[in-house]
Each structure stands twice: as C-alpha cells, then as structure tokens.
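Q: I would like the atomic coordinates for the input below:
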Amino acid sequence: MRFYPTFFRIVFSGMDAERAHRIGFALIRAVDLTPAGWGLRRFCAPDPSLATTAFGVDFPSPFGLAAGFDKAGKGVLPLTALGFGHVEIGTITGQAQPGNPAPRLFRLVEDRAVINRMGFNNDGAAAVAPRLRSARQRLARRYGARPRPVVGVNIGKTKKVDLADAVADYLVSAGQLAPVADYLVVNVSSPNTPGLRLLQSVESLRPLLEAVRRTADEAAGRHVPLLVKIAPDLTDQDIDDVGALALDLGLDGIVATNTTITRENLATDAATVMAKGVGGLSGAPLKARSLEVLKRLRSAVGDELAIVAVGGVETPEDVVERLDAGATLVQGYTAFLYEGPFWAHRINRGLLRSRRTPPA
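A: The predicted structure follows:
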C-alpha cells in the first residue's frame, strides 16, 4: 500500500496539479462502480470502536476529508468508501462560477504543501443539492443499520456578488443545501474571494450566522448543525472574539483552520514560491499554527462547542495530537494528494493502535 508515493513521483509529480487531481478523482469514482469497490469498502471501513459523536451527529471515525477535494458533490460514495468518517463538500456558492483562471493549483513537494487560488469553482447550490440528496439516500441503503459516513456542506460567497449583499447570497446556498446536509459550514476565511475575510469580523459575522442558521433550520425542517470556518491568520484576540460570538449565538462548532496567506518556514526556494503567485497555502507548513489556533479556541470556548481541527494533518500521530489538544473531529486534505487512496485507512488503523496501546 506504500506504492503510491512512488506512483505519485513517476506519474503525477510532473503533471499540472489540477489535471492530476481530476484524473485521480475520476479513478477513485470509477473503482467504486466495479466489484473491487465492495472489497475496498470492507477493507477501509473504520473499526466500530472509532465511532464518535459531534453536535448530535454520529461519525464512524473522527477523521474526515476537508472541503476542497470534492467541490461538486460527485464523489461522496467513493470517498467515504476509502474510510473517511465524513466528507465535507464544497465550497458551494449560491450561483455557479468557474473560479479563477488556470493555472491555479500548485504543489510544493519539498514542503508537502499546496498553494491554491481556485476561487470557489463549483456548479452552484441548485445543481449540487440533488446530488447530495441522492448520495445520502444511497449511503443509507449501503450502510443499513450501521453508522454511515457523514456528509457536511461548506458554503461561501459568490465572487460577483457585492460584499454588501453577501448575507442574501449565503442564504441561497443555505436554503438549497441545508435539507441535504448532515451539517453546514459557513466559510468566511478563503483568501481567494476578494473581501471574503472581512466577514470574519464579529460585526459582520453575527448577522450572517444568525441569518444562515434561521434559514437552514427552516428549509430543512430540523436543526442543522452550523459551524463557521476561520483562517489561521487571525490574531489571538480575533480568535477569542470568534469563540465568544460562537458561544453567544449557540453555534454548534468552529472549523479551524483554512489555508494561510503566509509563506514562512518553507523548504522550497523563495523564487519558486513567488513564481506560484498568490493563493492559500495548505499542508505540512500549516501544522504548528493550526494546532496553536485549536488550543486557543478550546481554551476560549471550553467544552461547549465542537472544534474541527484541520491544517497540516498527515499521520495518525497528528490526528491523536489534535484530539488530545481538544479537537472533536479532525480533517485532512493536502496529504491525501501525496499519500494516496489508502491514507484514511492508515489514519484509522493508527488511531486504533493508539487506543489499544496503554500510556507509558
């Protein structure tokens, strides 16, 4: 199963990163449609002892796939078949949009990192919603009485919509997608939509989250767990303020963190990094800061909110470290590109070992 790093180096490392992603994702979806898909699901299924509960939802494993990999809701079943306890779809916007011009996805292989300026390329909420409805129905049939993998949906602002009209735009997505989501995440932290991060200020965030929560619950006819995703580049005071706001509003959780706009402590030479241009940096270089934000948030909110930790997660030890630091759930994405299709299975297997090994 460790053949993939060699395969990546030979086949994918010299290929345009976005093209490699499309090919890899297509292969994952294709395998799920063959008899091999059944065996893969059985092989990769998390051990029942890894099951956990967050914001009232049962997860087969605390480890899931972060938003960004499946932007269209076309791969829910094959991705959950790989052992992810949940898959977060998106970011989805109220209107379909092509995203930023290519090239817009770049690897920093020496750093096990990625720079992206995708710009929320997606098919729009109205197109994605029926796909997710079908996927959740098929998951329910596939898993029967067993806890099924969870489907989260990450929503953002349409680029051409003015910031002053952002709330109404988010409500389009909330109304369409809340009925087909196990939980909903409001993304105000991508660096690739102009002005979006301004919505992280408490003054802007409060009315947005209040409106999304009301619209989501009304559209779904039930309470849909609502979380907000924040950037690692916030100051400590901003992190505390967001935590206080989340408590005050009675949110279900916070996702920490999105990509960073910084370019610090990279092994890749500065000229190469500069040539990639602007965008959010994800992967191993984000590990330390993401962990800092997690600890700060947990201290700020106590035990009252779920925290989904994401950023620089590569190994089972990384996941255990996040859980020990107060994370309720943990997500990864960038390492999936480097580690290949059995990555979630290895994470779950490592989590199982850590729980069976008595402390020294």
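
Q: What residues does the closest residue to residue 69 other than its chain neighbours make contact with?
A: Nearest residue to residue 69 in three dimensions, chain neighbours excluded: residue 333, at 5.8 Å (CB to CB, 6 or more residues apart in numbering). Quick note: C-beta positions are derived from backbone N, CA and C, even for glycine. By CB atoms under 8 Å, 6 or more residues apart in numbering, residue 333 lies in contact with 65, 66, 67, 68, 69, 282, 310.

Q: Kindly recompute the last result at 6 Å.
A: 66, 68, 69 (CB atoms under 6 Å, 6 or more residues apart in numbering).

Q: Look up how far residue 111 lies from it.
A: Residue 333 sits 15 Å away from residue 111, going by CB to CB, to the nearest Å.

Q: Would you map the strands across the chain?
A: Taking DSSP state E, the strands of the chain run over residues 52-54, 57-59, 63-65, 86-92, 105-108, 113-116, 150-155, 183-187, 226-230, 253-256, 280-283, 306-310, 329-332.

Q: Any chance of TSV for those strands, columns distance to residue 246, mean pLDDT and mean neighbour count?
A: As requested, the strands of the chain are arranged in TSV below (distance: least, CB to CB, whole Å; pLDDT from 0 to 100; neighbours: other CB atoms under 10 Å):
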stretch	distance to residue 246	mean pLDDT	mean neighbour count
strand 52-54	14	97	17
strand 57-59	17	98	18
strand 63-65	20	98	28
strand 86-92	18	98	29
strand 105-108	31	97	21
strand 113-116	26	98	24
strand 150-155	17	98	27
strand 183-187	11	98	26
strand 226-230	7	98	26
strand 253-256	6	98	28
strand 280-283	22	98	25
strand 306-310	10	98	27
strand 329-332	16	98	27
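
Q: The residue positioned nearest the centre of the chain: what's it in contact with?
A: Central residue of the chain (CA atoms, centre = their mean): residue 66, 1.9 Å from the mean position. Contact analysis of residue 66 by CB under 6 Å, 6+ apart lists 88, 310, 331, 333.

Q: Show me the beta-bridge partners of the third one.
A: Bridge pairing for residue 331 (DSSP bridges) gives the partners residue 64, residue 310.

Q: where's it relative to residue 185, distance?
A: For residue 331, the distance to residue 185 equals 10 Å [CB to CB].

Q: Output stretch 84-99 as CSV, restricted to C-alpha atoms.
A: Presented in CSV, the C-alpha positions along stretch 84-99 are these (Å, rounded to 0.1, in the frame of the first residue of the first chain):
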residue,chain,number,x,y,z
PHE,A,84,-13.2,8.8,5.8
GLY,A,85,-15.7,9.2,8.7
HIS,A,86,-17.1,12.2,7.0
VAL,A,87,-16.7,14.2,3.7
GLU,A,88,-17.2,17.9,3.6
ILE,A,89,-18.4,19.0,0.2
GLY,A,90,-17.6,22.4,-1.3
THR,A,91,-17.1,25.2,-1.1
ILE,A,92,-20.5,25.7,-2.7
THR,A,93,-21.8,29.2,-3.7
GLY,A,94,-25.3,30.5,-4.4
GLN,A,95,-24.5,30.8,-8.1
ALA,A,96,-22.4,28.5,-10.3
GLN,A,97,-19.0,30.0,-11.1
PRO,A,98,-15.9,28.9,-13.0
GLY,A,99,-13.4,30.1,-10.3
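
Q: Give me the contact list for it.
A: So stretch 84-99 is contacted by 59-61, 63-67, 70, 73, 76, 79-80, 118-125, 128, 149-150, 152-156, 158-159, 169, 172-173, 187, 344 (CB under 6 Å, 6+ apart).

Q: Beta-bridge partners for the closest residue in space to residue 181 that isn't next to it in sequence, please?
A: Closest residue to residue 181 apart from its sequence neighbours, by CB to CB, 6+ apart: residue 153 at 4.0 Å. Beta-bridge pairing of residue 153, defined through DSSP bridges, involves residue 89, residue 184.
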